[in-house]
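1. need coordinates for the following:
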Amino acid sequence: MTTAIQNHSSHDHHGPAKGIGRWLYTTNHKDIGTMYLWFSFSMFLLGGAFALVIRAELFQPGLQLVEPEFFNQMTTMHGLIMVFGAVMPAFVGLANWMIPMMIGAPDMALPRMNNLSFWILPFAFAMLASTLFMEGGAPNFGWTFYAPLSTTYAPPSVTFFIFAVHIMGASSIMGAINIIATIFNMRAPGMTYMKMPLFVWTWLITAYLLIAVMPVLAGVVTMMLMDIHFGTSFFNAAGGGSPVLFQHVFWFFGHPEVYIMILPAFGIVSAIIPAFSRKKLFGYVSMVYATGSIAILSFIVWAHHMFTVGMPYAAEVFFMYSTMLIAVPTGVKVFNWVATMFRGSISFETPMLFSIAFVILFTIGGFSGLMLAIAPADFQYHDTYFVVAHFHYVLVPGAVFSIMASVYYWLPKWTGHMYDETLGKTHFWLSFVGVNVTFFPQHFIGLAGMPRRIPDYALQFADFNMISSIGAFLFGFSQLLFLLIVVKCVIAGKKAPAKPWDGAEGLEWTVDSPAPYHTFEKPPKVE
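-> A predicted model of the protein is given here:
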């Protein structure tokens, strides 16, 4: 028996697998992190292509390129793929790569599950994308898939969409369990919780959010499945159900979900800004508590997405004030980042440019969020392009810019090569201009009353829509430059020094390292 076990184990680990086997069977956190990142980038390009179809149609009034039905499929697929296929897997990839190294662990706690949680994703998204070629077409009900549009009037492909969401949710839950187990059990001796880098903290809190809300999403899509195939009436008013119930259950998942997409970004920016300011992060403890507060408050604000459904007055007041309250810990973070930069010895390499843009543009998104939190005002803003402008200011310069910043920041660590700084800065400025040209005009057309998810519009919105579409194509195509920079760095970048960021805290992850003298103290006297 023992011989059999020994034989089995020797067969199991007979050196590293070669070729594609290395990637199929890998349990190495760095390999899995790399696969997550490449997968998320491919989904980013796919979801971006769908967005460009939308913007091309809206380039001028009238219907020119696509049928309204296909336009709706594009809005749905763009949202689903960007949220679940691009942003979330990218953050999980960064967690896989960096958390073990940041806490001094040899790998993730559950390496086989890590492999599984990645490899089910390509199948989920292949299935979701394949709905475009099915009879009746892809889901056409928006990424929030409100019932009864997604149950009573949905194309047959909705069943595949539901299955894809289940698989994606299972992947997220496995990833979250793995991260929590790793952080709790595998920290190096002396790495207390309050010495962990903020990226580790933000991911620990994010993992708890994932475990709390992914089953809620699974529940709501299962109720949809029952309504479609098994004669129940969860969301069908004719059978005693309620379409508004769908919105409550969906947004109880959906609002913490948007924080799942931004908390790891806070951790990334909290690593990069101190490095390029050559200073310790200002207010480390308050940053940890602010992150925790945001996570807790994210569970009591969900119905601010639903001010127009006819809630009781007391409920509107509650959700209005709780939404405003969540701005407080978020504001703490912004002030801490600014205080970290204040009187620092700042240099403006590409990661720092993306991080500063993150702070400024994310704050703009936060302010438009406060406007949307005001219930009577929200009656006017609801379902207009103002909302689209708001959440894209939070998600593109927020989530996407932070991911790009982290890639530039850690590429030398990952590859041993430096990326091309000139190309990196070019990519930054193209992206920065593209994002603002795309989404800033949408505030105005939204306030003027242009509804979202509509393929045609009145003549007075034409100029801003044309500007917005030009910005979208600029932003979209500049991401091909990002691809070029990364590939060039991996293949032929010049060798990176041991500390690539020039004496910055850079790649030394100790929170309590002594601050350089040029923070808030007087310089030492020179005798």
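
2. buried stuff in stretch 132-146?
-> 137, 138, 139, 140, 141, 142, 143, 144, 145 (16 or more other Cβ atoms under 10 Å). To be clear about C-beta, it is placed using only N, CA and C from the backbone, and glycine gets the same treatment.

3. just the C-alphas of it, formatted as CSV.
-> Taking C-alpha atoms only, stretch 132-146 is exported to CSV below (Å, rounded to 0.1, in the frame of the first residue of the first chain):
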residue,chain,number,x,y,z
LEU,A,132,-24.6,35.9,-29.6
PHE,A,133,-24.9,33.0,-32.2
MET,A,134,-28.0,31.4,-30.8
GLU,A,135,-31.6,31.5,-32.1
GLY,A,136,-33.2,34.6,-30.7
GLY,A,137,-29.8,36.2,-30.0
ALA,A,138,-27.9,37.0,-26.9
PRO,A,139,-29.5,38.3,-23.7
ASN,A,140,-31.0,41.7,-24.5
PHE,A,141,-32.2,42.9,-21.1
GLY,A,142,-29.3,44.9,-19.8
TRP,A,143,-26.5,43.8,-17.5
THR,A,144,-28.9,44.2,-14.5
PHE,A,145,-31.3,41.7,-16.2
TYR,A,146,-34.4,43.1,-14.6
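
4. quick one: contacts of it?
-> Applying Cβ atoms under 8 Å, 6 or more residues apart in numbering, the external contacts of stretch 132-146 come out as 69-70, 72-73, 75-80, 83, 131, 149-150, 153-158, 160-161, 224, 243, 246-247, 250, 254, 453.

5. what does stretch 421-433 give?
-> 349-350, 353-354, 357, 401, 404, 408, 471, 474-475, 478-479, 481-482, 484-485, 488.

6. what about the buried residues of stretch 132-146, which are in strands?
-> Residues of these located in strands (DSSP state E): none.

7. just flag the most distant two among these.
-> Pairwise distances across these (Cβ to Cβ) peak at 18.3 Å, for the pair 137 and 144.

8. residue 422 and residue 349, how far apart?
-> Separation of residue 422 from residue 349 (Cβ to Cβ, to the nearest Å): 11 Å.

9. can you turn the buried part of the contacts of stretch 132-146 into a ChimeraX selection?
-> Buried subset of the contacts of stretch 132-146, written as a ChimeraX selection, criterion 16+ other Cβ under 10 Å:
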select :70,72,73,75,76,77,78,79,80,83,131,149,150,154,155,157,158,160,161,224,243,246,247,250,254,453
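
10. my guess is residue 104 meets residue 183, correct?
-> No - in this structure residue 104 lies outside contact range of residue 183 using Cβ atoms under 8 Å: 11.4 Å.

11. quick one: which of those two has more around it?
-> residue 183 (24 against 13; other Cβ atoms under 10 Å).

12. give the next helix or strand downstream of the one helix or strand residue 38 maps to.
-> Per DSSP states H and E, residue 38 falls inside helix 29-57. Downstream of helix 29-57, the first helix or strand assigned by DSSP H and E is helix 68-80.

13. remind me what that next one packs against, helices and strands.
-> Helices and strands touching helix 68-80, by 3 or more Cβ pairs under 8 Å, 6 or more residues apart in numbering; DSSP states H and E, are helix 29-57, helix 111-130.

14. residue 323 is in contact with residue 373, isn't it?
-> Yes - contact criterion Cβ under 8 Å: residue 323 and residue 373 qualify, at 3.9 Å.

15. who has more neighbours out of those two?
-> Between residue 323 and residue 373, residue 323 has the larger neighbour count (other Cβ under 10 Å), namely 25 against 21.

16. contacting residues around that one?
-> 301, 304, 369, 373.

17. contacting residues for residue 62?
-> Residue 62 sits next to residue 456 when contact means Cβ under 8 Å, 6+ apart.

18. now tell me what touches stretch 468-480 from outside.
-> Under Cβ under 8 Å, 6+ apart, the answer for stretch 468-480 is 44-45, 48-49, 51-52, 55-56, 58-59, 396, 427, 430-431, 433-439, 441-442, 445.

19. averaged pLDDT, whichever strand or helix holds residue 335. What do you get?
-> Assessed by DSSP H and E, residue 335 sits inside helix 327-341. Average pLDDT, helix 327-341: 97.

20. what does stretch 243-263 give?
-> Computed over stretch 243-263, the mean pLDDT rounds to 98.

21. quick check: buried residues in it?
-> Neighbour count says stretch 243-263 has 243-244, 246-263 buried, by 16+ other Cβ under 10 Å.

22. for residue 37, which non-adjacent residue is closest in space?
-> residue 93 (4.0 Å; Cβ to Cβ, 6 or more residues apart in numbering).
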